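Novice: build me a model:
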Amino acid sequence: MAWTVDEQLALTASEAVAAIQAGRLRATDYVATLLARAAALSSLNALVALDMEGALAHAQRIDALTPAERAALPLAGLPVVVKDNINTVGLSTSGGTPALANFTPKRNARSVQRLLDAGAIVLGKANMHELACGITSTNLAAHCGPVRNPYDPGLIPGGSSGGSAVAVAARIAPVALGTDTSGSNRIPAALTGVVGFRPSVGNGVSERRYHDRDTVLPLSHTRDTVGPLARTVADVALLDAVISAEPILPPVALDQLRIGLPAPLWDDLEPTVQAVARAAQHRLAAAGVSFVELDMRDLLALHEQTRPIVAHEMLADLRAWLVANDAPVQTVAELAASIASPDVRDIFRHVLADPFAPYYRDALTVWRPKLQQYYAAAFTTQRLDALLFPTTRLAAVPLDEINGSSMVPVNGTAFDTMSAYLRNTEPSSSAGLPGLSLPAGLTADGLPVGIELDGPVGSDRRLLAIGIAFENLLGVLAPPTI
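Specialist: Numbering: from 1, shown residues only. Have a look, this model is predicted:
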């Protein structure tokens, strides 16, 4: 059959793979359509590199396979965009910073390799907040530029995986890989109306779901993880199944779920976000979901005690990555010397001084376990399947193209942008829990709002199954008008 451009752009990842496997859609046609889409929407700055020749060559190889060979590939011909801090052979991995602008790794990240082995095609590299040190994706490096929200190009898309989220939301790619240390997948997913997943990290070893150590430009080995983004939870589950080598669970019955509502994460929200999130919760309750109000008054204070972990680990972890990957600069001081974004320069002044070193051990060995135990007790004593709360306290705000970040008002009080957006996503990141942000709806001004599901460590497949059930009721957002 002949597919129109609009029909191809509307395909979910699962639909596209099924059509390619069945021979109803040529991978080369699909890739060509998306490459043209990327070129037409280049003003969004979602991508920093397009692999036009490589992607088309890979698509031709998929089309040349027999039907049986294509059917054996769970991601046959599926184009994917990869965040620019995740190693990709043959494509630069710059981390959005000038010192690494032309650096090409010698090995793929494990998650990337698993997607490729399953038949996926890397379309290009996604723009990001410089060195993943921010949540606006306003990158002032000359080879990047600020990423723009497809629902309003004058607004931030969230970050640091902003390019990955925008590529998915703008129909440049059906799926993408991002990274999440404190909320970097879930925040841009919420602000651009897509789905973002942070898999379990737990103890970082046996409880870590994705294993990409040394092949992702790091911030913190305790908290970093790769994670998928897509337009549907089912598509995120598809990528997760390939990366984790675990099958997808079927959706759960809504009337069998018991979901906690942590009060600190529902407090002091912008009214427009509060209205959309509560409306979604009420629809779920009407469909049979049981909700439990949770006090959890110590949650934010416990998390606050874990802050030295990332601040201290950045220095050693970045240095180790530079050396292990034979990068063009070998020290963090050299890397920091050419940072382009003022907000990131400020962060690295503190990183190089390492003021949190004296507090690191207690943060890691005392306070983080206490935070993990606090979450575990809430899940166990209340017999909860998951927690639910708005992913962010506010919707997208205007871009600041001078400083990369600025103060933003939340209910009349000014906060620095990072603190304003990280409040809800960071505590579970510190505890190593899996988290899933999915669209709850649009504000009266037409801006996306996300709601997040957090589950116990290791409950990733069930969390995704719950997300699919929620999505089946709440629906997916209409695409932005671009």
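
Novice: for the residue nearest to Ala49 when sequence neighbours are not counted, name its beta-bridge partners.
Specialist: Computed as CB to CB, 6 or more residues apart in numbering, the closest residue to Ala49 that is not its neighbour in sequence is Lys125, at 4.3 Å. C-beta here means a position set from N, CA and C on the backbone, and glycine is covered the same way. Counting by DSSP bridges, Lys125 forms beta bridges with Ala49, Val82.

Novice: so who does Lys125 touch?
Specialist: Taking CB atoms under 8 Å, 6 or more residues apart in numbering, we find Lys125 in contact with Leu47, Val48, Ala49, Val81, Val82, Lys83, Asp84, Thr88, Leu91, Ser92, Thr93, Ser94.

Novice: 10 Å instead, please
Specialist: Contact partners of Lys125, counting by CB atoms under 10 Å, 6 or more residues apart in numbering, are 47-51, 81-86, 88, 91-94, 96, 163-164.

Novice: could you do Thr225 as well?
Specialist: Contacts of Thr225 (CB under 10 Å, 6+ apart): 111, 178-181, 184-185, 197-201, 204, 208-212, 216, 429, 432, 434.

Novice: same thing but at 7 Å, please
Specialist: Remark: with contacts taken as CB atoms under 7 Å, 6 or more residues apart in numbering, Thr225 is in contact with Thr179, Asp180, Arg198, Pro199, Val201, Tyr210.

Novice: quick check: the second one touching Arg198?
Specialist: Which is Asp180. Yes. Asp180 lies in contact with Arg198 (CB atoms under 7 Å); the separation is 4.2 Å.

Novice: any common contacting residues for these two?
Specialist: Listed as contacting both Asp180 and Arg198 by CB under 7 Å, 6+ apart are Arg186, Thr225, Gly227, Ser429.

Novice: which residues does stretch 340-360 contact?
Specialist: Outside stretch 340-360, the residues that touch it by CB under 7 Å, 6+ apart are 98, 130-131, 133-134, 139-142, 308-309, 311-312, 314-315, 332-333, 336, 339, 403-405.

Novice: got the contact list for the helix or strand containing Gly467?
Specialist: Using DSSP states H and E, Gly467 maps to helix 460-474. The contact list for helix 460-474, computed with CB under 7 Å, 6+ apart, reads 199-200, 209, 232-234, 236-237, 240, 246, 249-252, 254, 257, 280, 283-284, 287, 385-386, 434, 436, 438, 440, 453, 455.

Novice: now list the buried members of the residues you listed.
Specialist: Neighbour-count burial (16 or more other CB atoms under 10 Å) applied to the contacts of helix 460-474 gives 199-200, 209, 232-234, 236-237, 240, 249, 251-252, 254, 257, 280, 283-284, 287, 385-386, 434, 436, 438, 440, 453, 455.

Novice: so which of the residues you listed are in strands?
Specialist: Counted as lying in strands by DSSP state E, out of these, are Ala386, Leu436, Leu438, Ala440, Leu453.

Novice: okay, those in CSV with pLDDT and distance to Leu41 next?
Specialist: CSV is the format used below for those (pLDDT from 0 to 100; distance: CB to CB, whole Å):
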residue, pLDDT, distance to Leu41
Ala386, 98, 35
Leu436, 99, 26
Leu438, 98, 23
Ala440, 98, 25
Leu453, 98, 30
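
Novice: farthest-separated two in the residues you listed?
Specialist: Pairwise distances across these peak at 14.9 Å for Ala386 and Ala440 (criterion: CB to CB).

Novice: what's near enough to touch Ala170?
Specialist: Ala170 sits next to Leu41, Leu44, Ala46, Pro150, Pro480, Ile482 when contact means CB under 7 Å, 6+ apart.

Novice: please disregard the earlier target; I meant Ser161.
Specialist: Lys83, Met128, Gly178, Thr179, Ser184, Asn185, Pro188, Leu229.

Novice: helices of the stretch 301-450 of the chain, start to end?
Specialist: Here the stretch 301-450 of the chain has its helices, by DSSP state H, counting those that start in this stretch, at 308-324, 332-337, 342-353, 357-362, 368-381, 417-422, 426-431.

Novice: switch those over to JSON lines; also include distance to Arg461 and mean pLDDT.
Specialist: JSON lines is the format used below for those (distance: least, CB to CB, whole Å; pLDDT from 0 to 100):
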{"stretch": "helix 308-324", "distance to Arg461": "27", "mean pLDDT": "97"}
{"stretch": "helix 332-337", "distance to Arg461": "37", "mean pLDDT": "97"}
{"stretch": "helix 342-353", "distance to Arg461": "35", "mean pLDDT": "95"}
{"stretch": "helix 357-362", "distance to Arg461": "33", "mean pLDDT": "97"}
{"stretch": "helix 368-381", "distance to Arg461": "16", "mean pLDDT": "98"}
{"stretch": "helix 417-422", "distance to Arg461": "27", "mean pLDDT": "95"}
{"stretch": "helix 426-431", "distance to Arg461": "17", "mean pLDDT": "98"}
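
Novice: which one, of those, ends up nearest to Leu34?
Specialist: Nearest of those to Leu34, taken as CB to CB: helix 417-422 at 29.2 Å.

Novice: contact partners of the closest one?
Specialist: Helix 417-422 is contacted from outside by 134-136, 182-183, 187, 392-394, 405-406, 408, 410, using CB under 7 Å, 6+ apart.

Novice: where do the strands of the stretch 51-200 of the chain begin and end?
Specialist: Ranges of strands within the stretch 51-200 of the chain are 79-83, 121-126, 138-139, 145-146, 175-179, 195-198, based on DSSP state E, counting those that start in this stretch.
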